[in-house]
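1. the amino acid sequence is not available; the structure is as follows:
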């Protein structure tokens, strides 16, 4: 379970909501949408990806998360400063990360994050905490409401995982002894393998970095029975980056080479297909012509629903 009122929520590394040890502080009293089901797709929303490419994440839906609470400060000056910092942190509409840390420290509750855009940040007029027995300490407070929009419904463990394929091994041709009828198959390109374990309960989108020398490289998830093929050549040390979340393929220089995707031979990031499923994924890398030390590295975060 993703922590709600039992955790601290850090926005873009700037402000921490519900840090009860801080002063002044943003004490959260209510969170709406954090554990809600993801939004349903609109009936008119066509699902692209029939030829192997989609312009967005393969997991549809999202959620709006609203934080309601009090800015608490000992002096009016502290209150004004905390208000200004909150409004500045949630200004703009560019996507940023909210990380969530449980008050508990057990390993069953990892630090998680989600990416969202600010929707609104409202801080009405302040009123003294005259109804508190400790009004001399909590001299001023002001209500705040913050809403952010997550474009997709998953949460991710902050810890990054990496899985690198093993040394290359030739794939076999027709085995001996023959049995009738004989179906001849030529030896294939070399392949390296690795297992990637997603310990979350939701599928996750990896970033795959392929390093040459290799011609027409491919990566495959044998657990899912899916594959992604490129039509390009990489010299020794050259790399290409495949981002499953954004459906982008780029060189180390930043040049976009998404057009090198062999759509007819690729189905791994078709619409609705997982990147890495929960649990163990058996992954494979190879190409038409590939030599050591060519390899693929799969970088990912464990993913959760809520």
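-> In hand now; what should we look at? Since the structure is predicted, the reported quantities are computational estimates derived from the model, not experimental observations. Residues are numbered from 1 along each chain as shown.
2. care to break the protein down by domain?
-> Following automatic domain parsing, one finds the domains of the chain at 7-157, 161-304.
3. of all those, which lies closest to residue 1?
-> Nearest to residue 1, of all these, is domain 7-157, at 7.6 Å by Cβ to Cβ. Every C-beta, even on glycine, is put in place using the N, C-alpha and C of the backbone.
4. how long is the closest one end to end?
-> By Cα to Cα, to the nearest Å, the extent of domain 7-157 from end to end equals 15 Å.
5. give the rounded mean pLDDT of that domain.
-> Per-residue pLDDT over domain 7-157 has a mean of 82.
6. stretch 204-224 now?
-> In this model, stretch 204-224 has an average pLDDT of 96.
7. list the buried residues of it.
-> Across stretch 204-224, burial judged by 16 or more other Cβ atoms under 10 Å covers 204-221, 223-224.
8. quick one: which of these sit in strands?
-> Judged by DSSP state E, the buried residues of stretch 204-224 include 207-211, 214-221 as members of strands.
9. now the closest residue to residue 104 other than its chain neighbours: how far from residue 109?
-> Nearest non-adjacent residue to residue 104, counting by Cβ to Cβ, 6 or more residues apart in numbering: residue 6, 7.4 Å away. Counting by Cβ to Cβ, to the nearest Å, the gap between residue 6 and residue 109 amounts to 9 Å.
10. A helix includes residue 85, no?
-> Yes: Residue 85 forms part of a helix when assessed by DSSP: H, G, I helix; E, B strand; the rest coil.
11. show me what contacts residue 85?
-> Contacts for residue 85 were tallied using Cβ atoms under 8 Å, 6 or more residues apart in numbering; they are 14, 15.
12. where do the helices sit along this structure?
-> Ranges of helices within the chain are 76-89, based on DSSP state H.
13. re earlier: and the residue nearest to residue 104, how many neighbours?
-> 13 (other Cβ atoms under 10 Å).
14. residues contacting it?
-> Applying Cβ under 8 Å, 6+ apart, the residues near residue 6 are 102, 103, 104.
15. and the nearest residue to the second one once chain neighbours are set aside, how close does it get to residue 156?
-> Residue nearest to residue 103 in three dimensions, not counting chain neighbours: residue 6, with 5.4 Å by Cβ to Cβ, 6+ apart. Distance, residue 6 to residue 156, by Cβ to Cβ: 19 Å.
16. on that earlier part again, what touches both of residue 6 and residue 109?
-> In contact with both residue 6 and residue 109: residue 102, using Cβ under 8 Å, 6+ apart.
17. contacting residues for the nearest residue to residue 18 once chain neighbours are set aside?
-> Distances taken as Cβ to Cβ, 6+ apart place residue 28 nearest to residue 18, at 4.1 Å, with adjacent residues excluded. Shown in contact with residue 28 (Cβ under 8 Å, 6+ apart): 5, 9, 17, 18, 67, 68, 69.
18. can you tell me how far residue 28 is from residue 233?
-> Counting by Cβ to Cβ, the gap from residue 28 to residue 233 is 53 Å.
19. now residue 252: how far from residue 212?
-> Relative to residue 212, and taking Cβ to Cβ, residue 252 is found at 11 Å.
20. identify the contacts common to those two.
-> With Cβ under 8 Å, 6+ apart as the test, residue 252 and residue 212 both reach 238, 239.
21. before I go, just wanted to say thanks for your time.
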